[in-house]
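S.K.: Provide a 3D model corresponding to the input given below.
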Amino acid sequence: MVVIHGGWLLGNIAVGRVCLRARVPFVITTHGVYIREVLQRRALRKRLWSAGLERGHLARAAAVHVFFPEEQESLEHAMKMRVPTIVAPNGIAYSEGVAWNGRGGYLLWLGRFDINTKGLDLLVRAIERVPASDRPQLRLHGPDWRGQKDRVRGLVSELGVEPWVAIGGPVYGKEKWRLISNASACAYPSRWDACSVSVAEAAAVGVPILVTRYPLGNFLAARDAAIQVDANALRIAEAIPRLLSSEAAEIGRNASIVARRDLSWDAVAASWVDQVAGIIDA
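M.R.: Residues are numbered from 1 along each chain as shown. Below is the predicted model of the structure:
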């Protein structure tokens, strides 16, 4: 079996056709590219591409792998596609020896500096809305994306919150785990997202997390494993005191249990293989 990653790519469609000629089944792992919010970006271009290429590509797959049921619903309703579907989130690797301690006294965000998708403007504006006497230190770490890190710096300057917001580079390995475990809390206010590894890793360590209404956020919040708000700067600001309160420690403990039970690679791989086997056997 061949696994093809992503969508809206001519190369993927070519690989799918090669698989068909060789009589090798293929699975498309979508990485969230068929959720409604993504379909609404360059919507006309996507509708034309879908009519000519994408729908046929999806229909020829042995199965489409989505991370959460919301993506399956979007395929059915927004794309008008009913295809065999595998539902399994991204897996995460974590160290058993790493646990939340919160000693750093800062609010942390890790990820790609994609302002609109990741809601970075919302997070910075939320910090500005918190009274200065209660305002936490916010640390933002990750790789630049299309020059947007400088745009975040510009927003921080415009809002006058430079003393409270630190913008850093990507972190990996032990330094990443140190940053996560020492954070008072983590905030991931994406407008949409597929299955953010950063969110799941913070959950596994037991950090209190703020999320918005994307599939992984819904998954955690439904299990009392995250504080969930609308993707709105005011609502995020209102939630920050709760996120930094003693109450949030219990949410972090729930997050660790849920992430280690349901998002570990062992659990995810077993679920994926079982579902693939069921589709092939059928």
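S.K.: Tally up the residues packed near the residue nearest to residue 184 when sequence neighbours are not counted, please.
M.R.: Using CB to CB, 6 or more residues apart in numbering and skipping residues adjacent in sequence, the residue nearest residue 184 is residue 102, 5.0 Å away. (C-beta placed from N, C-alpha, C; glycine too.) By the criterion of other CB atoms under 10 Å, residue 102 has 18 neighbours.
S.K.: could you measure residue 102 against residue 211, distance?
M.R.: 18 Å (CB to CB, to the nearest Å).
S.K.: hey, which helix is longest across the protein?
M.R.: helix 265-281 (DSSP state H).
S.K.: what's it packed up against?
M.R.: strand 63-66, strand 85-87 (3 or more CB pairs under 8 Å, 6 or more residues apart in numbering; DSSP states H and E).
S.K.: okay if I get these as a markdown table plus mean pLDDT?
M.R.: Listed next are the helices and strands packed on helix 265-281 as a markdown table, based on pLDDT from 0 to 100:
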| stretch | mean pLDDT |
| --- | --- |
| strand 63-66 | 96 |
| strand 85-87 | 96 |
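S.K.: got a list of what the residue sitting nearest the centre point of the chain touches?
M.R.: Centroid-nearest residue in the chain, with CA atoms, centre = their mean: residue 196, separated by 2.5 Å. Each residue near residue 196 by CB atoms under 8 Å, 6 or more residues apart in numbering is listed here: 111, 188, 190, 216.
S.K.: Look at residue 32 and say how many residues are nearby.
M.R.: The number of residues near residue 32, taken as other CB under 10 Å, comes to 24.
S.K.: That one reaches residue 65, doesn't it?
M.R.: No: using CB atoms under 8 Å, residue 32 makes no contact with residue 65, being 11.2 Å away.
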